[in-house]
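[1] my questions are about this predicted structure, shown below with the sequence.
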Amino acid sequence: MALTIAVIAGGVGKRLGGRVKGLLELDGAPLISRLFALATDGDEVLVVTNTPEAFARFGHAMVGDLVPGKGAPGGVVTALVTATTDWVLVVASDMPFLERAHVAALLAQAVDGVEVVVATRAGALEPLCALYRRSLAAQWRDALDDDPSLRGLIAGVPHVRVALPPRALDSLNTPEDLARHGVR
């Protein structure tokens, strides 16, 4: 199945002094490059960012928020509107431990009648590691006026939860996270 890998790279990194999280390095490579490696032949890669100059060197398609100021829900809607495939894998740029096997576990649940396949950690939804049907774009774009949460949007459509290993969903948000994982 052809897939769009949409990396949400819009966070300001306030707890990291404004550093661009996707450009932090782990094992000598930017975090975001590890997410680009999730793509296989035929997959589309898209970076949702309001700072395209930061990511231009990677050569992937980039798009800014279609509805600015809506946070992660706005980024997901932008990815859905822009994608050309039926399914869109949305991942946060600061989740460097996600592997293709984890994506395969999500894809296995992308069946008829399901609109979202969302990763969970200890039962909690991780909406920035999920497969979304592109067909949700118009409905969810209209919903952005009410400032919904991603969890609220997901709750309103048929979805499946997939438990992934906690490390796969680790995001690097604080100086302590960076130190623990050896990120610079």
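    Arrived safely, thanks for sending.

[2] and the longest helix along the chain, what does it pack against?
    When the chain is parsed with DSSP state H, its longest helix is helix 71-82. On a contact count with 3 or more Cβ pairs under 8 Å, 6 or more residues apart in numbering; DSSP states H and E, helix 71-82 meets strand 3-8, strand 44-48, strand 61-63, strand 87-92, strand 124-133, helix 137-143, helix 150-155. In short, each C-beta sits where N, CA and C put it, glycine included.

[3] will you turn those into TSV that also has distance to Leu107?
    Shown next, in TSV, are the helices and strands packed on helix 71-82 (distance: least, Cβ to Cβ, whole Å):
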stretch	distance to Leu107
strand 3-8	7
strand 44-48	15
strand 61-63	21
strand 87-92	8
strand 124-133	7
helix 137-143	20
helix 150-155	17
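
[4] distance to Ala163, mean pLDDT and mean neighbour count added to the ones you listed, as TSV?
    Shown next, in TSV, are the helices and strands packed on helix 71-82 (distance: least, Cβ to Cβ, whole Å; pLDDT from 0 to 100; neighbours: other Cβ atoms under 10 Å):
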stretch	distance to Ala163	mean pLDDT	mean neighbour count
strand 3-8	21	97	26
strand 44-48	26	97	22
strand 61-63	31	96	18
strand 87-92	17	97	25
strand 124-133	10	97	22
helix 137-143	25	96	16
helix 150-155	16	97	18
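
[5] among the ones you listed, which comes closest to His181?
    Among the helices and strands packed on helix 71-82, strand 87-92 comes nearest to His181, with 14.7 Å by Cβ to Cβ.

[6] beyond that closest one, next helix or strand please.
    Per DSSP states H and E, the first helix or strand lying C-terminal to strand 87-92 is helix 100-107.

[7] helix or strand next in line after that following helix, which one?
    Remark: after helix 100-107, the chain's next helix or strand is strand 116-121, criterion DSSP H and E.
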